[in-house]
Every structure is written in structure tokens, then in C-alpha cells.
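K.L.:
below: sequence and its predicted model.
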4 protein chains.
Amino acid sequence: MTNYSFKYGIIGSTGKLGRDVNTILSENGGSPVLWFNRSGEYEIGKPDLLIDCSLPEALDKTISLAYKFNVPLIVATTALNEDQLKKLKKLGETIPVIQSYNFSVGIQILLNLVDKTKDLIPDWDVEIEETHHRFKRDRPSGTAKMIRNIFKDQSVNISSLRLGTTVGEHTVYFGGLEEVLSIKHTATSRKTFAHGILKAIEFSLNKKNGFFSFADVIYSDPGFQI
Amino acid sequence: MTNYSFKYGIIGSTGKLGRDVNTILSENGGSPVLWFNRSGEYEIGKPDLLIDCSLPEALDKTISLAYKFNVPLIVATTALNEDQLKKLKKLGETIPVIQSYNFSVGIQILLNLVDKTKDLIPDWDVEIEETHHRFKRDRPSGTAKMIRNIFKDQSVNISSLRLGTTVGEHTVYFGGLEEVLSIKHTATSRKTFAHGILKAIEFSLNKKNGFFSFADVIYSDPGFQI
Amino acid sequence: MTNYSFKYGIIGSTGKLGRDVNTILSENGGSPVLWFNRSGEYEIGKPDLLIDCSLPEALDKTISLAYKFNVPLIVATTALNEDQLKKLKKLGETIPVIQSYNFSVGIQILLNLVDKTKDLIPDWDVEIEETHHRFKRDRPSGTAKMIRNIFKDQSVNISSLRLGTTVGEHTVYFGGLEEVLSIKHTATSRKTFAHGILKAIEFSLNKKNGFFSFADVIYSDPGFQI
Amino acid sequence: MTNYSFKYGIIGSTGKLGRDVNTILSENGGSPVLWFNRSGEYEIGKPDLLIDCSLPEALDKTISLAYKFNVPLIVATTALNEDQLKKLKKLGETIPVIQSYNFSVGIQILLNLVDKTKDLIPDWDVEIEETHHRFKRDRPSGTAKMIRNIFKDQSVNISSLRLGTTVGEHTVYFGGLEEVLSIKHTATSRKTFAHGILKAIEFSLNKKNGFFSFADVIYSDPGFQI
């Protein structure tokens, strides 16, 4: 439970992630005052911040709301293109914008462990694997691409599996002579992302402006230093 | 230990599989009398049977040796093409030919379990995954293609990972609503294939002719009926 | 969506499983008319059936309600003792009682595949592993014990892992010479059990009396025959 | 291939590890000149170093040979007791002694990653799992105990699985809210340990005396710093 209360607006309030975000925020001091979804737009008060859990198609609407209310924006949308990221960076000059394809703490640790490991065994083979639900829009996942970027080598192979209602699994394998080392993260519910968004909210309320990643949020905690 | 002794010829005697086959056969009554590999051909006696552990390029040589000696042939070569398989079937009219991309007992069980499972939950998502060493010639593996053939659907996705010296892993995933069922086989040494080839040898010595799979070998055991 | 509507009573309505059962039943024609939980008992109508998602301590209350209303009972409680199971069997002489430690379809398939596999490779080593959330009452899980019973050998080892909020994972490993075969089931949400309870409800409404397992429910479907 | 040649004595030359050590050393400049095993003792020259791949019962013999020849000693024996470790430390005052329960590079990385992770998420649940062949003497494995020591908490649970001919698998799981992070190491052949012993040999030949772990060997490489 956060020790403060806040009012929020949510774009994509009825999607898979949006519903879990509403649940977790309401358990932690948050009250929704603005919704935007397929059925329309509802506004019952001025939000302290905005959260986008929608699809890339809704980003222009999100950006116009952010300029209108001049409050922090958390963007959890997947599969944004270069042009859309540029618009968000521009927006970050005015307000705090936190954008990530993955708001789980565990993935941030995985990214860090992979970074260390690749330096220790640079000659081992690398494979990345990600599993998600069958309706996932992008392939490979944005998180898998974040992992590949660590290697600064776009030829690293990513295997994408699509299975039922799987929320999200990412594994990085390092293969040497007669041994394999792997680092795996499994998210079993979108609530884990909602908890991360809660951390991002707390971070954003203390900023004037800027374009931030979820790593910025996590590493702003002095105890979380590798 | 088999309770009989036999003389064998081996094509591809110095490859990864060939060496393990020589080890296991010599522990079980086998004596090599003919070798064919990169360094040349050696013949010190007439073989009771032939084993091909080589690459597809050597198959014509193998077939000519089989016609010459008129003895059973076990083919463990990977990545044969349609034309080569046709030649082996033709050869089977004269002698016993046993051809498989995978001589492990565990894979035969996996194939059977997958076959049963697909009938029970035909509407679940399916993913196949295989991991092998980095020098593997074919992609996906012949075994992964055998698994896909069970589904009679060439659109079933196969993810291929290449890692270090991995001998062979195959996993089939079935994804439903909020649950996943998977069946996985791991071969940790080529000796497991060599043990299967030993079973195939025993089977072949009792046949006049015919073109057989390793499943034919396994299911000829009355205790092995699903 | 079932093509009928029904009224149900639920014991343990506010627990982890109870809440997901309420969600799934309400999406499929069910209306709750009786609740029993820590806060008390609420009755707003006569139920067509009863569901127990509570702890073993509540079973006597459940049984008394079942006798009172004389309607089918689904028991999803974990960790029942021999005496409690005897009472439920007795109750089954009067009404339909369906009891299982695991209402997922995938686990039923796993049980079946394990049964076939153990007959094919009786000399391979066996290991059972189960992972659940840290607050799980019983250790090993009831499902793991169901799996072990297949082997008719109480010396088969079960490893129990307790991790965060894990809903339920069960794996059976078979280890041979240089190869391992494993069958794994992962439930990622209790909704998968709620879907199974929905199947059990449909089954129960056509029965006069009897004590049934979830396997009886599943195999009553003519398409589900191994 | 090392760029030097050396003569070695090996205690336990015919065991599982001993045979793979002989293979890898002979491919890298090593010549055996002394063997000690069940069949007896053979000495055809003075060794430059000694390697113990035997059982704890042979350690006294090993130590007496080390004092006799006054050369470096590598100890890869499993399941030593406190008293035996004390004797080896004493011996280290005279000659270089390198002792480890696991000579793989990958396990050293796993130990390091686990150490970092435990500091970042100290409130997550921890589970350790190890799988080895059915004839393994100790339970849990020495490596699993090395991993548990990182947590400075002997109550951390270790699950031990025994399956067929499995060489060695170790996994550490961290369980949080709706997410699990795991780090896994698989050794698929004892050759991976033999390669580590080769590194330890090179390290030992440059030392006067001392009692060292395999971590000391690995981190003596300036490129291997986390």
C-alpha cells in the first residue's frame, strides 16, 4: 500500500493489462478519474497522472491528453515504432514520460545478469527464447529485442513461441563446451507489471520532466545497485 | 551385452556418432572389419552387417557396399533427401534396411505420447522446440520434422536453438486456457543412439529384407505396446 | 458459455480458488445464492448444487449443507484425510459427489501419459517434482501424490518447491541411459481449475448419486478416450 | 591445446571423471606417468603434478603421494569431510593444493550471478535444485551446498533428483509476486570438468604453495572480473 493517494487516467482500461492495473492501483491508493477505451471516453475529474495500457494506434490520443493535462505519463504499450518513440521523447521535454515494454523487476535483473555474463564468456553461443499468448501482436517481443540489444549483435537468434494464455517467459541460453548456462524469467500474471507501474508512478511524481526507462525507475532505489 | 558376436562395417567411423557406436558395439559383441571415412577405406574381413553414421554425401558409397556384401544396413545419417530415401526403399527389396533420424527409445515414446495428446486436446496451441550443437547440418532437425508430421500440419512452428555441444533436445508444448502441458526428451550422449543401433542390429539379423523404421524395431518387442 | 443457467452455493467463496470460481461461473450461466466463508453465511435462494473451495476444516459444514439441500456437491478442497474421504463416499450414496485435488484437464492427460510411459520403460528412474506458492498447506501436493500412486510405489521421490505465488507445476521425469524423458504440466491461473469445475457441474447435474473423480468427468466425454 | 607438455599422476584413473580427465589432458600436452586405482598402483616416471578423481576413501593415499613427490595437487573428489579438508589445507602450506567440488566455468558464473541477485531481491523465496546420476554418493551435491552457502542460511531448501546417467544440473529459483527468476547450469559431460582441471593445472604450476578454490583459478584471469 502506498502511503499517498492519487487520481489517474487510463488509456486502454479494458484490455488485459488495463484491468490488472486498475485492480492493483485501487488496492494502493489510486482512484481512476479518466478512462479511454473502445466504448468511448469518460472523465470525472482531473488526473494526477496518465497511464497508457492500450495499443500503438491509441498513442496519438494519449499524447494529446498528456499535453492537455500536463501530468506525468507512463507508457506500457507494446510494439511502438521509431516515430512514436520520437514523439514520446519530445513530450519528455515538457513532462515526465516513463516508457517500457516490460515493467517487471525480474526482467530488469535478467537484463543485468545477461550483461555481466556476456562479458565473462564472450565466445559461448547465445540463444534467446520468448513465449507469450497466441494473440500477442509483435514477434519477437519488445522485451526479447531489449535483451538482444545487450549483445549489440542483431544476428543473435530469437525463438518465439505462442501458447494459449501465457503471460510472458524470456530465457537466455549460453552454450559452451559440454555445458549450458541459462537465465529465465517467467511472469505468471500481468499483476507483476501493474506492481512495476506503481513504482513508476511514485518515481514520476517527483520529476519535472524527462524521458525515462523502467531501469531508471528501478535503479533510482539506492538498494538496487549491481 | 548381447549373447552373440558379430562383425560389422561402418561408414563414417570417425565422426561424433561413429566413435560412440564403435565403443558401444565393441562392449556388446561387435568387431569392426570394415571402415570407410575421410582417410580412406579399410577392409579386414566380410561384415555381417553395415552401419552408416556418415553424412548424406556418402550414401551412394554405402548403398554400393550394401549391394556388394548383401547384408543388413542400418542408416543413421541425418538430412537425407527424397531421392536418397527412394534409393534406400529400393535397396530394402533386397536386404533389410533400417533407417531413422533418431535411434533413441525415449524419442519413440515421445512420438507416441504426442500422438495420443493431440487427439485429446486438438484445439490447444502446439509448439515444437529442438536444441542441438552449433555444427548441426540441418535446421530444423529430422526428428523435429518427424514430430511435426504427427500433426499432419506443416504450419506447426518449430523453434531451432543451436548451443555449444548439445547432443539433442526435443520438446512439444500444448497450450490451453491458463495451462500448458509439455513433453520433453533430452539425449545427453550419442551413446543413447548407439544403444538403439544395437537393438536395430539384433532386429535386422532376423529379417530377409524390407525397409524399416526404428519404431518397427521398438514395437517388435511384445512388451513395448501402447 | 454453457447453454443453461444454474444457481450455486459456494463454501470458501473468498479464498484464492473461490474468487476465480465465482468469476468463471458467472461468465457461464451461474448465479450464486449461498456463500459460506470466514465472515459468515449468506443464503438468498435454494442452490442447484454446492461447491467446496474451502479448507478441510470446513468439510463438516459442507456435508451438512449437502444433506440439507440434497443437491450435487463438487469438492475442490485440498489435503483431506482418510476419514473425510470416507464421509464423502458415504454422502455419494445419496447425492452425486465429485472430489478431486486437481480440476485441470491437462493434469488428467499427464496422469494418463505417465501411466503409459511407466509400462514401457519400467526400469528407468522416476522423479516427481511439484512447485506451488509459499502458503500451500500440504507438502507434497495432493496432485503429486495422485501421480505417485500410478507407480504403486511409495518410495518414488517427490521434490516440493515453494516459490512466490506459483499456482501449480507438476513434472514427472524418467531417466534412462544417457537420456531423460519428462512430462510437465503448468497451471498459470486458478481459472483453469474453475473451467474444470464447470465441466464437473455439467456432469453432476445428470447424475442421481455416486462418488466420482474428475477423471470420471473427463472420460465421460466420448472424444476423450486414450 | 596448451603450449607446454607435462607429466601427471592420477588417483582414480578408471572412474567416470578419471577417464574423461585422461582424454582431455592427453589432447592438451599431458602424459600420465602414475596411476592409482582399484587394480593397483603403476609408476613409470616422476609426475609434475597430481590429480585426485577418486573417492574420499583414497584421500590419505593421495596426500602421502603429494608429500612424497612435492608437486601441485588438484583435488576433484566429492563429499570430503571437515577433517579431510583440514588435512588438505595443512598440505597447502607446503605445496599448491586446488580443491573444488565443481571444476566447470559455468558453475562459477552461476555462483556469482546468484550472489548478485540475492542482494537485489532479498525478500523473494529461494529454492535450489540439483539433478545427478543415480549412483551419486552425496545428497545434496557439494555444489548445491556451495550455492546454499551464498545465502548464509542453512534453511534454504535443496531438492535432489537422481536420474539415470545425468552428469550434473543445478538451478536456483527466486520467486516473487507473480514472477519467477531462475539461473540454471547443465553439465552434459565430465569433459567440462576436465577442461576446468586443465585450467587448474596451468594455475598450479605457477604457485609455490597455498590452498586454492576453483574460483581462485578462474578469477586469476584478468578478463574474468565481475
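P.N.:
Cool, the structure landed. Residues are numbered from 1 along each chain as shown, chains lettered A, B, ... in the order given.
K.L.:
helix, strand or coil for residue A:173?
P.N.:
strand (DSSP: H, G, I helix; E, B strand; the rest coil).
K.L.:
count of neighbours near it?
P.N.:
24 (other CB atoms under 10 Å in any protein chain shown). To be clear about C-beta, it is placed using only N, CA and C from the backbone, and glycine gets the same treatment.
K.L.:
for it, give me its contacts.
P.N.:
Contacts for residue A:173 were tallied using CB atoms under 8 Å, 6 or more residues apart in numbering or on different chains; they are A:125-129, A:180-182, B:161, B:163.
K.L.:
quick check: next helix or strand after the helix of greatest length in chain A?
P.N.:
Using DSSP state H, we find that the single longest helix of chain A is helix A:105-120. Next helix or strand after helix A:105-120 toward the C-terminus (DSSP states H and E): strand A:125-132.
K.L.:
would you put the C-alpha positions of that next one in PDB?
P.N.:
Taking Å, rounded to 0.1, in the frame of the first residue of the first chain, the C-alpha atoms of strand A:125-132 are listed here in PDB:
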ATOM      1  CA  ASP A 125      26.800 -19.400 -28.200                       C
ATOM      2  CA  VAL A 126      23.800 -17.400 -27.300                       C
ATOM      3  CA  GLU A 127      20.100 -18.100 -27.900                       C
ATOM      4  CA  ILE A 128      17.100 -16.000 -26.800                       C
ATOM      5  CA  GLU A 129      13.600 -17.600 -26.400                       C
ATOM      6  CA  GLU A 130      10.300 -15.900 -25.600                       C
ATOM      7  CA  THR A 131       6.900 -17.400 -25.000                       C
ATOM      8  CA  HIS A 132       3.600 -15.400 -25.000                       C
END
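K.L.:
ok, residues contacting that strand?
P.N.:
Strand A:125-132 has contacts (CB under 8 Å, 6+ apart) with A:118, A:140-141, A:143-144, A:147-148, A:151, A:156-163, A:166-176, B:127, B:129, B:131, B:134, B:159, B:161-164.
K.L.:
at which residues are the strands of chain A located?
P.N.:
Here chain A has its strands, by DSSP state E, at A:6-11, A:30-37, A:40-43, A:49-52, A:73-75, A:96-99, A:125-132, A:157-162, A:168-176, A:179-187, A:210-212.
K.L.:
near chain B, which residues of chain A show up?
P.N.:
A:124-125, A:127, A:129, A:131, A:134, A:157, A:159-166, A:173-180 (CB under 8 Å from any CB of the partner chain).
K.L.:
now the buried members of those.
P.N.:
Neighbour-count burial (16 or more other CB atoms under 10 Å in any protein chain shown) applied to these gives A:124-125, A:127, A:129, A:131, A:159-166, A:173-180.
K.L.:
burial of residue A:209, as a residue count?
P.N.:
13.
K.L.:
in chain A, which ranges drop under the pLDDT threshold?
P.N.:
Residue ranges of chain A with pLDDT under 70: A:1, A:226.
K.L.:
and if we set it to 90?
P.N.:
Applying pLDDT under 90 to chain A flags residues A:1-4, A:38-39, A:78-79, A:137, A:221-226.
K.L.:
which bits of chain A sit near chain C?
P.N.:
When proximity is defined as CB under 8 Å from any CB, chain A approaches chain C at A:165-167, A:188-189.
K.L.:
rebuild those residues as TSV, extending it with distance to residue B:110.
P.N.:
TSV is the format used below for these (distance: CB to CB, whole Å):
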residue	distance to residue B:110
A:165	25
A:166	22
A:167	27
A:188	26
A:189	31
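K.L.:
and whatever residue of chain A ends up closest to chain C, how many neighbours does it have?
P.N.:
Going by CB to the nearest CB, chain C is nearest to residue A:188 of chain A, at 5.2 Å. By other CB under 10 Å, 24 other residues sit near residue A:188.
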